[in-house]
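Visitor: A predicted structure for the sequence below; I have some questions about it.
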Number of protein chains: 2
Amino acid sequence: MAIEPLHPDKDTPGGEEVPTTTKGTVLTARGLRTRRRLLDAAEKVFAELGYPAASIVKITEEAGCGLGTFYLYFEGKQEIFNEVVMDLNRRVRRAMTDAALAEADAGRIASERAGFRAFFRFTAEHPALYRIIRQAEFASPDALRLHYSRIVDGYAQGIEQGQRSGEVHRMDPEVVAWALMGIGEIIGMRWVLWPQDQDGATREGTGDVPDHVFDTMMEFIERALAPGTMDREGTDHVRDTTGR
Amino acid sequence: MAIEPLHPDKDTPGGEEVPTTTKGTVLTARGLRTRRRLLDAAEKVFAELGYPAASIVKITEEAGCGLGTFYLYFEGKQEIFNEVVMDLNRRVRRAMTDAALAEADAGRIASERAGFRAFFRFTAEHPALYRIIRQAEFASPDALRLHYSRIVDGYAQGIEQGQRSGEVHRMDPEVVAWALMGIGEIIGMRWVLWPQDQDGATREGTGDVPDHVFDTMMEFIERALAPGTMDREGTDHVRDTTGR
DNA sequence: GCACAACCTGAATCGTCTTTCATGTTGAGC
DNA sequence: GCTCAACATGAAAGACGATTCAGGTTGTGC
């Protein structure tokens, strides 16, 4: 398939490995701390106000430092936005893979469930991810693509593996991976981010997708991925061998 | 299946039925024309530049009218953005339902395919829809929700209908509808909007999702929706009666 | 062909944001 | 405890965009 992780670890696309000032000098511990403060502040401000309304002043105020300080570490709004996206992407993928790996012994399905759960939980705890990604379309299209592609790549690998072991029906893993991405994204938006249920009951708080929604979603996905069963191309009616 | 319009005509939610100037006077034919020009221009500018970078000057230039004219029809950037979203939403739903209805006789699956095709084609022809919706998160959250909810509601009705006729497996239609929405949205983004394939080949032009991707997606969806087959709750194995 | 409401205009005002810079502070290494 | 990068600061310059307004144009009804 496609969408290999470009460079599994080198995260900044064409960029430097070690954070530097805009002058190119390497940061000391103090500098690193300030830079971190600015990034966190930016995440918060972008998430609350949105890219258009976010201003450098607001970010530096939130970070509790002087206006000029900002330009010691970042070239401008666009650049810090990029960094924030990369940062969030790294963290959400970490959360997902950690959760999935923890359940790896329990089988593909359990592992898949765990990954999705982690995704929603992260979304609930960091609404910034969502709100920020949605703006990246213009603020930083490259970061947007990288973000999605990296997550999708993780899914695709899992799907291929499942296909090799016969647990997943054979379909182009790339397309399927994007479909899963889309499902997770929209369900997260609808049930994690939008506070009120359609029926008026504001629920929030739980910080996660309601169980019933989660289960339906997983049923939908499992049905799509389950091997055999469909007639169409006259495939054998192989029964699911994994039981359950 | 799928895609019924909610309130076929009354689109503006709590708003006025007839366009007026910002002073409240009713528009004449000339006024209507100018307003339309501004809306079209705004759609283009928002899609190309994004909300933050779009300015009233740019919009009026694109529309070929004076700066002050803008304020005769809209209160500001935010308001015209709203109108653009509503307008696009109306048009995409129209495109989808028309396509789905045209194939209604050919059965649920054909109708569903037609609806999706129409969605992608519309996306290809109006990238503005996408790019604009993604920004609505901040520019106009209400418009965003309305947009998605309306489309999803159409899907949900189709799904319920399919369930009643035994063509669709019983799962909460709302959740399933959102899943379909998510799939369509992300696949559209990946294959319609992003110009180049991962493998470098720039393909554009066709103005639609590649057949192979479309087919895989539909297979995925059909497998998820198909009645029976899954062991889980031992449902009946009703075969599809509409033929292919 | 007159009157008047609707429509149009862009220079000018006002506010806000980005970015620079001259100057001051900190702290690690010696 | 001295020194020198590195770090920090916020006033000020400069740019740009939103919105207003005083005055001009259009076209429809009579």
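Guide: Yep, that arrived.
Visitor: Quick check: the residue of chain A nearest DNA strand D.
Guide: Nearest residue of chain A to DNA strand D: residue A:68, at 1.7 Å (Cβ to the nearest atom of the strand). Using the backbone N, CA and C atoms, a C-beta is placed for each residue, glycine as well.
Visitor: and stretch A:33-50, how far from the chain's centre?
Guide: In terms of Cα atoms, centre = their mean, to the nearest Å, the gap separating the centre of stretch A:33-50 from the centre of its chain is 18 Å.
Visitor: I should have written stretch A:118-137 there, sorry.
Guide: In terms of Cα atoms, centre = their mean, the centre of stretch A:118-137 is set 7 Å apart from its chain centre.
Visitor: Quote the end-to-end distance of it.
Guide: Using Cα to Cα, to the nearest Å, the end-to-end distance of stretch A:118-137 comes out at 24 Å.
Visitor: touching chain B at all, that stretch?
Guide: Yes - figure legend: stretch A:118-137 in contact with chain B (Cβ under 8 Å from any Cβ of the partner chain); contacting residues A:130-131, A:134-135, A:137.
Visitor: which ones among those residues are found in helices?
Guide: Among the residues of stretch A:118-137 next to chain B, the members falling in helices are A:130-131, A:134-135, A:137 (criterion: DSSP state H).
Visitor: Most neighbours among those residues, which one is it?
Guide: In terms of neighbour count, residue A:135 stands highest of these at 27 neighbours, by other Cβ atoms under 10 Å in any protein chain shown.
Visitor: List the contacts of that one.
Guide: Shown in contact with residue A:135 (Cβ atoms under 8 Å, 6 or more residues apart in numbering or on different chains): A:46, A:50-51, B:134-135, B:137-138.
Visitor: Flag every residue of chain A that's near DNA strand C.
Guide: Taking Cβ under 7 Å from any atom of the strand as the criterion, chain A approaches DNA strand C at residues A:28-30, A:53-57, A:67-68, A:70-71, A:75-77.
Visitor: Tell me the one of those nearest residue B:100?
Guide: residue A:53 (39.0 Å; Cβ to Cβ).
Visitor: Now tell me what touches the strand or helix carrying residue A:110 from outside.
Guide: Assigning secondary structure by DSSP states H and E places residue A:110 in helix A:108-125. Among residues not part of helix A:108-125, those counted as contacts by Cβ under 8 Å, 6+ apart are A:91-92, A:95-104, A:129-130, A:158, A:161-162, A:165, A:167-168, A:184, A:187-188, A:192-193, A:207-209, A:214, A:217-218, A:221-222, A:242, A:244.
Visitor: domains for chain A, by residue range?
Guide: By the assignment in automatic domain parsing, chain A contains the domains A:25-74, A:77-225.
Visitor: next structured bit after the lowest-mean-pLDDT helix or strand in chain A?
Guide: Among the helical and strand segments of chain A, the one scoring lowest on mean pLDDT, DSSP states H and E is helix A:127-139, with a mean of 89. Heading C-terminal from helix A:127-139, the first helix or strand you meet, by DSSP H and E, is helix A:141-164.
Visitor: orientation of that next one relative to helix A:127-139 in degrees?
Guide: 120 degrees (axes from the mean of the first three to the mean of the last three Cα atoms, to 10 degrees).
Visitor: Who are the packing partners of helix A:141-164?
Guide: Secondary structure elements in contact with helix A:141-164, counted by 3 or more Cβ pairs under 8 Å, 6 or more residues apart in numbering or on different chains; DSSP states H and E, are helix A:77-102, helix A:108-125, helix A:127-139, helix A:173-187.
Visitor: what about these, which gets the closest to residue A:40?
Guide: helix A:77-102 (9.1 Å).
Visitor: So for the residue lying closest to residue A:83 once chain neighbours are set aside, what's the pLDDT?
Guide: By the measure of Cβ to Cβ, 6 or more residues apart in numbering or on different chains, the closest residue to residue A:83 outside its immediate chain neighbours is residue A:39, 6.2 Å from it. Taken from the predicted model, the pLDDT recorded for residue A:39 is 95.
Visitor: show me the contacts for residue A:39.
Guide: Residue A:39 makes contacts with A:80, A:83-84, A:87, as judged by Cβ under 8 Å, 6+ apart.
Visitor: The strand or helix carrying it to helix A:127-139, inter-axis angle?
Guide: Taking DSSP H and E as the definition, one finds residue A:39 inside helix A:29-53. When the same axes, to 10 degrees is applied, the directions of helix A:29-53 and helix A:127-139 differ by 70 degrees.
Visitor: what does the helix or strand that helix A:29-53 is followed by contact?
Guide: Read in the C-terminal direction, the helix or strand following helix A:29-53 is helix A:56-63, with elements assigned using DSSP H and E. By Cβ under 8 Å, 6+ apart, the residues outside helix A:56-63 that reach it are A:34, A:37-38, A:40-42, A:44-45, A:49, A:66-67, A:69-70, A:76-77, A:80.
Visitor: Tell me which two of the contacts of residue A:135 sit farthest apart.
Guide: When the contacts of residue A:135 are compared pair by pair using Cβ to Cβ, the maximum separation belongs to A:46 and B:134, at 14.6 Å.
Visitor: just to revisit the earlier point, so which of the helices and strands packed on helix A:141-164 is the most surrounded?
Guide: Taking mean count of other Cβ atoms under 10 Å in any protein chain shown as the contact definition, the stretch among the helices and strands packed on helix A:141-164 with the greatest mean neighbour count is helix A:173-187, which reaches a mean of 25.
Visitor: Mind giving me the packing neighbours of that helix?
Guide: Counting by 3+ Cβ pairs under 8 Å, 6+ apart, the packing neighbours recorded for helix A:173-187 are helix A:108-125, helix A:141-164, helix A:211-225, helix B:173-187, helix B:211-225.
Visitor: Chain neighbours aside, what residue packs nearest to the most centrally placed residue in chain A?
Guide: Residue closest to the average C-alpha location in chain A (Cα atoms, centre = their mean): residue A:92, at 4.8 Å. Excluding the flanking residues, the one nearest residue A:92 by Cβ to Cβ, 6+ apart is residue A:122, at 5.0 Å.
Visitor: DNA strand C versus that neighbour, what's the distance?
Guide: Shown here: residue A:122 relative to DNA strand C, a distance of 28 Å by Cβ to the nearest atom of the strand, to the nearest Å.
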